[in-house]
Each structure stands twice: as C-alpha cells, then as structure tokens.
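Asker: sequence and predicted model, in that order:
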Amino acid sequence: MVETETRTEEFKISGDELLAKVRQLVHEGNVRRINIQNEEGHTLVEIPLTIGVIGAALLPVWAAIGAIAALATRCTIVVERRD
C-alpha cells in the first residue's frame, strides 16, 4: 500500500467569499478535507471529501456552507490536500 503525504493550507476570507472559495477547492480535486473555522478558531464544519463525491451528494454541504457564510463575517478555511 502506498501512503500519500498530506499538507495543509489556510485561507482567511470574509463570509461572502466562503461558498465560492469552497467550490473552487472542491473542483481542484486533490482536497481531502475542508475545515471551516470562525474568528476564534472554533470549527464550524468539517467536510471530508472522497474521490467521487460530486453533484447532488454535495447539496446539503452547500446549504450548510451558505448558512455559515450568512452568519460569519470572517472565517478561516483549513484545507488538507493529498500530494
């Protein structure tokens, strides 16, 4: 079994940009997990992504992210990527 290394990145964005940024990250394809945190660093939602999770399967996730975006002024997206 070949182990893949992971790396993390953080993006600090405003609530209005949240949904667009998450959509962009999902379409990049090498994202393994997305963690959205509030200004204090508390996790609001953690989204594990697996190969093949697309389309209708993500509809509840988009709704949750939209609700967070409406409430949050600033947030941090922590992205775990496969190398």
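Answerer: Structure's in. What do you need?
Asker: for the helix or strand of the chain with the lowest mean pLDDT, name the packing helices and strands.
Answerer: Least confident element among the helices and strands of the chain, by mean pLDDT, DSSP states H and E: helix 59-71 (a mean of 79). Helix 59-71 is packed against helix 18-28, strand 43-48, with contacts defined by 3 or more Cβ pairs under 8 Å, 6 or more residues apart in numbering; DSSP states H and E. Glycine gets a C-beta too; all of them are placed from N, C-alpha and C.
Asker: as TSV, the ones you listed with mean pLDDT, distance to residue 63 and mean neighbour count would be great.
Answerer: Shown next, in TSV, are the helices and strands packed on helix 59-71 (pLDDT from 0 to 100; distance: least, Cβ to Cβ, whole Å; neighbours: other Cβ atoms under 10 Å):
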stretch	mean pLDDT	distance to residue 63	mean neighbour count
helix 18-28	86	10	16
strand 43-48	87	11	14
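Asker: need the ones you listed in JSON lines (columns: distance to residue 75).
Answerer: Listed next are the helices and strands packed on helix 59-71 as JSON lines, based on distance: least, Cβ to Cβ, whole Å:
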{"stretch": "helix 18-28", "distance to residue 75": "6"}
{"stretch": "strand 43-48", "distance to residue 75": "7"}
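Asker: between the following helix or strand past the least confident helix or strand of the chain and helix 18-28, how many degrees?
Answerer: Downstream of helix 59-71, the next assigned helix or strand under DSSP states H and E is strand 74-82. With axes from the mean of the first three to the mean of the last three Cα atoms, to 10 degrees applied, the angle from strand 74-82 to helix 18-28 works out at 10 degrees.
Asker: okay, buried residues for strand 74-82 please.
Answerer: Neighbour-count burial for strand 74-82 flags 75, 76, 77, 78, 79, 80, 81 (criterion: 16 or more other Cβ atoms under 10 Å).
Asker: list the contacts of it.
Answerer: With Cβ atoms under 8 Å, 6 or more residues apart in numbering as the test, strand 74-82 has contacts from 4-15, 18, 21-22, 25, 30-39, 41, 44, 68.
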